[in-house]
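**Student:** kindly return the folded structure for what I paste below:
(one chain, ligands or ions: 1)
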Amino acid sequence: MDSLVECPPSILSTTGVRIGGAGLPARIGRATHAMLAAFIRDGDYDLVHSCDAEQLEPDAREEASGLTVYGIDFWQREMQQYFQTPVVESSVDAKLNGKFTLSGTLDLTSYVSGNQAIFLDWKTGRLDSHYWHQMMTYAHLLWSFLERPEKFTVHGVVVFLRMKYHRTIVYTTQSIMEWEHDLLRNVLANPDRYSPGHMCRWCDLSVGCPARKEVIRSAMESILSGGEDSWLKKGRDVLANMTPENKGMEIVGKTVAEIIQRTHLLGSMLDEVRSMLREAVERVGPIPLHDDLGTHLVLEGQDRRKLDAVKAARVLRTKIDDRAILSCCNISLGKVVKEVISRVRTSERSAAHRALIEELDQEGALGVNTVNMLREKVVQNDEPGGSTGQVAADS
Ligand code: SF4
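**Tutor:** Now for the predicted structure:
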């Protein structure tokens, strides 16, 4: 839905070439959704079956299992009481203006009474933004399903399983109608309004999209020309002269946003070229580059020796004590949790998970590695650096 609002042709175009492809995050998401739906519907879930259905490797299974355990814990602890008649994965359609059809599958819904409802959406991704329009769509679908009552209130709960927190938003007939009006007037009425940006990375049309190509072409031209009026030259000047005092100026923020947008697009183009090269070598084998040295483009495995801790334990214990052995091991918290909870009944797994984390915490065994990443996020006014409320890059 965010893609539709940001760049209508990315969804409405019938001429573009769509290239499908469900990446690993989508498969982990589907397995997690299937397990959560099974638990809420039947009181149990089948980890092996759900992960096999999405062909997940061991690390991805571990991820899906961890997300599911948190989801079940959250459901039992905080949500179950509000969903009197929970329905999982209900698909709903609604006509818009007689011309468009909105459709969606709600992870979890429950009708409270004739004019009240509640729904929940599990998020398995790493982003905690880009959910507003999707949630509005779900609220709209429920409202339409009840034949657009004049008085309607629906609570929408969006649960970020990776970040372990949730938000609840209240929608009413008025807010849903305002959103519908905006969608019809400003989005669906402009099917040719292209808007290249960060969405292009996930867009099915990106390979042939003329608007994206044009931005990449001008970004490349600007890099190559390096002229006084190039965006790169202007960007360098702005970054070099930025201070804590002037960083909130609109011109500064807009320049940084432009650099970010062009960098995303150039990055996605480079990723595309790299994967084309890789696929070509996978298909035909080493490719001679016809230089004086006889270089070939090859796919080369890099072997690193690794130690099987279980098999090595007997030998190591004859040399060093357990404490010294453990100090050499990098233990995965996710794998430990999985091992522990697999030894208890399904209905007790959430409590066992919580108890384990608490015990480890009390023992001082839990630590956090902080890696500073450049990210774009919405900053509230009372957060450090949030005085402008604009796109921010934190480091
Ligand atoms: S590639 Fe980008 S500009 Fe083109 S349709 Fe998709 S989102 Fe829009």
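**Student:** C-alpha only now, for contacts and for neighbours.
**Tutor:** Fine.
**Student:** hey, what's Ile169 bridged with?
**Tutor:** Judged by DSSP bridges, the bridge partners of Ile169 are Gly156.
**Student:** surely it and Val159 touch.
**Tutor:** No - when contacts are counted by CA atoms under 8 Å, Ile169 is not listed as touching Val159 (11.5 Å).
**Student:** counting contacts, what elements does the longest helix seen in the chain pack onto?
**Tutor:** Looking only at the chain and at elements set by DSSP state H, the helix with the highest residue count is helix 250-284. When contacts are defined as 3 or more CA pairs under 8 Å, 6 or more residues apart in numbering; DSSP states H and E, helix 250-284 sits against helix 210-225, helix 231-240.
**Student:** comparing Ile169 and Val159, which residue is more hemmed in?
**Tutor:** Neighbours per residue, other CA atoms under 10 Å: of Ile169 and Val159, the larger number sits with Val159, 21 against 12.
**Student:** and that one, what are its phi and psi?
**Tutor:** Val159 has phi and psi values of phi -110, psi 120 when expressed as degrees, to the nearest 10.
**Student:** repeat for His166
**Tutor:** Dihedral angles for His166 - degrees, to the nearest 10 - are phi -140, psi 160.
**Student:** quick one, grab the pLDDT at it.
**Tutor:** Per-residue confidence for His166 comes out at a pLDDT of 92.
**Student:** which ones are touching it?
**Tutor:** If you count contacts by CA atoms under 8 Å, 6 or more residues apart in numbering, His166 has them with 157-160.
**Student:** just Met242 next, same as before
**Tutor:** Residues in contact with Met242 (CA under 8 Å, 6+ apart) are Val252.
**Student:** residues from the chain in reach of the ligand?
**Tutor:** Proximity of the chain to the ligand is confined to 7, 9-10, 194-196, 199-200, 203, 205-206, 209, 211-212 under the rule CA under 6 Å from any ligand atom.
**Student:** let's go with 8 Å and repeat that
**Tutor:** Neighbours of the ligand within the chain, by CA under 8 Å from any ligand atom: 3, 6-11, 13, 194-212.
**Student:** inside helices: which ones of those?
**Tutor:** Using DSSP H, the members of the residues of the chain next to the ligand that fall in helices are 3, 6, 9-11, 210-212.
**Student:** redo those as JSON lines? Include pLDDT.
**Tutor:** Listed next are those as JSON lines, based on pLDDT from 0 to 100:
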{"residue": "Ser3", "pLDDT": "77"}
{"residue": "Glu6", "pLDDT": "81"}
{"residue": "Pro9", "pLDDT": "84"}
{"residue": "Ser10", "pLDDT": "82"}
{"residue": "Ile11", "pLDDT": "79"}
{"residue": "Pro210", "pLDDT": "86"}
{"residue": "Ala211", "pLDDT": "87"}
{"residue": "Arg212", "pLDDT": "84"}
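**Student:** neighbour-wise, which one of the residues you listed leads?
**Tutor:** Each of these was scored by neighbours using other CA under 10 Å; the highest score is Ser10's, at 27 neighbours.
**Student:** isn't it right next to Leu4, touching?
**Tutor:** Yes - taking CA under 8 Å as the definition, Ser10 is a contact partner of Leu4 at 6.4 Å.
**Student:** would you write a PyMOL line that selects the buried entries of the contacts of His166?
**Tutor:** The following PyMOL line selects those of the contacts of His166 that are buried, judged by 16 or more other CA atoms under 10 Å:
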select buried, resi 157+158+159+160
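**Student:** list the buried residues of stretch 234-248.
**Tutor:** Within stretch 234-248, the residues that qualify as buried are 234-235, 238, 247-248, counting by 16+ other CA under 10 Å.
**Student:** ignore what I typed, I meant stretch 268-279.
**Tutor:** In terms of neighbour count (16+ other CA under 10 Å), stretch 268-279 has its buried residues at 268-269.
**Student:** which residues touch Ser144?
**Tutor:** With contacts defined as CA under 8 Å, 6+ apart, Ser144 is in contact with Ala94.
**Student:** CA atoms of the host helix or strand of it as CSV?
**Tutor:** Secondary structure from DSSP states H and E places Ser144 in helix 132-145. What follows is helix 132-145, C-alpha atoms only, in CSV (Å, rounded to 0.1, in the frame of the first residue of the first chain):
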residue,chain,number,x,y,z
TRP,A,132,0.4,3.4,8.1
HIS,A,133,-1.4,2.9,4.8
GLN,A,134,-1.5,-0.8,5.2
MET,A,135,-3.2,-0.5,8.6
MET,A,136,-5.6,2.1,7.1
THR,A,137,-6.5,-0.3,4.4
TYR,A,138,-7.3,-3.0,6.9
ALA,A,139,-9.5,-0.6,8.9
HIS,A,140,-11.2,0.4,5.6
LEU,A,141,-11.8,-3.2,4.7
LEU,A,142,-13.5,-4.0,8.0
TRP,A,143,-15.6,-0.8,7.8
SER,A,144,-16.6,-1.7,4.2
PHE,A,145,-17.4,-5.3,5.3
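**Student:** centre of the chain to it, how far?
**Tutor:** Between the mean C-alpha point of helix 132-145 and the mean C-alpha point of its chain there is a distance of 20 Å (CA atoms, centre = their mean, to the nearest Å).
**Student:** before we move on, back to that, okay if I get the buried residues of stretch 234-248 as a markdown table plus distance to Met79 and pLDDT?
**Tutor:** As requested, these are exported to a markdown table (distance: CA to CA, whole Å; pLDDT from 0 to 100):
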| residue | distance to Met79 | pLDDT |
| --- | --- | --- |
| Lys234 | 51 | 85 |
| Gly235 | 48 | 88 |
| Val238 | 48 | 92 |
| Lys247 | 42 | 92 |
| Gly248 | 40 | 91 |
